[in-house]
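[1] Sequence and computational prediction follow.
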Amino acid sequence: PYVPNGYHSGGASYVLSREALRRFYLTNNDSKSQCQEDGGSEDIEIAKCLRNVGVLLGKSIDQHKHERFHPLNLNDHFFGRVPDWLGQYAENQPLFGYDCCSEETISFHYVSADEQYKMDRIRYGARSLIA
């Protein structure tokens, strides 16, 4: 609702191609740029700025249509504790339980340092515990 054709929520991070980053840099160094330097929400402002230089959104869902970037923490996505705004504004309706998240998940938002260590251990260290 804030940017025509949507924007990627920055809380869980987003990825820019080298070309998108080049265009963003050039437009921000142009004195005639319409990009806002301060204020507003960074993800919305970056989307507006990138639209002005022809950079469009891409999708980041896997072959099973599971999301890779998650605007909430793992527990909220897994157990379906999602705010109304997510269902209203998400391009892909949120999935819950074992279908909530891609096996190729890139990030979650609102994750404490302890939770990050725990997820890392489960994802990458569990195999070494079994061996």
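    In hand now; what should we look at? Numbering: from 1, shown residues only.

[2] so what's Ala47 up against?
    Tyr2, Val3, Gly6, Tyr7, His8, Leu57 (C-beta atoms under 8 Å, 6 or more residues apart in numbering). For the C-beta atoms, the positions are set from N, CA and C on the backbone; glycine is no exception.

[3] If any of the residues you listed are buried, put those into a ChimeraX selection.
    The buried subset of the contacts of Ala47, as determined by 16 or more other C-beta atoms under 10 Å, is captured in ChimeraX by this line:
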select :3,7,8
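
[4] Dump the contacts of Ala47 to TSV, plus pLDDT, secondary structure and distance to Phe24.
    Shown next, in TSV, are the contacts of Ala47 (pLDDT from 0 to 100; DSSP: H, G, I helix; E, B strand; the rest coil; distance: C-beta to C-beta, whole Å):
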residue	pLDDT	secondary structure	distance to Phe24
Tyr2	69	coil	18
Val3	71	coil	15
Gly6	70	coil	18
Tyr7	70	coil	14
His8	73	coil	14
Leu57	81	coil	14
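
[5] Nearest to Asn92 among the contacts of Ala47?
    Taking C-beta to C-beta as the measure, Asn92 lies nearest Gly6 of the contacts of Ala47, at 11.2 Å.

[6] Contact partners for the closest one?
    Listed by C-beta under 8 Å, 6+ apart, the contact set of Gly6 reads Ala47, Leu57, Glu91.

[7] again, 10 Å this time
    The contact partners of Gly6, by C-beta atoms under 10 Å, 6 or more residues apart in numbering, come to Ala47, Leu56, Leu57, Tyr89, Ala90, Glu91.
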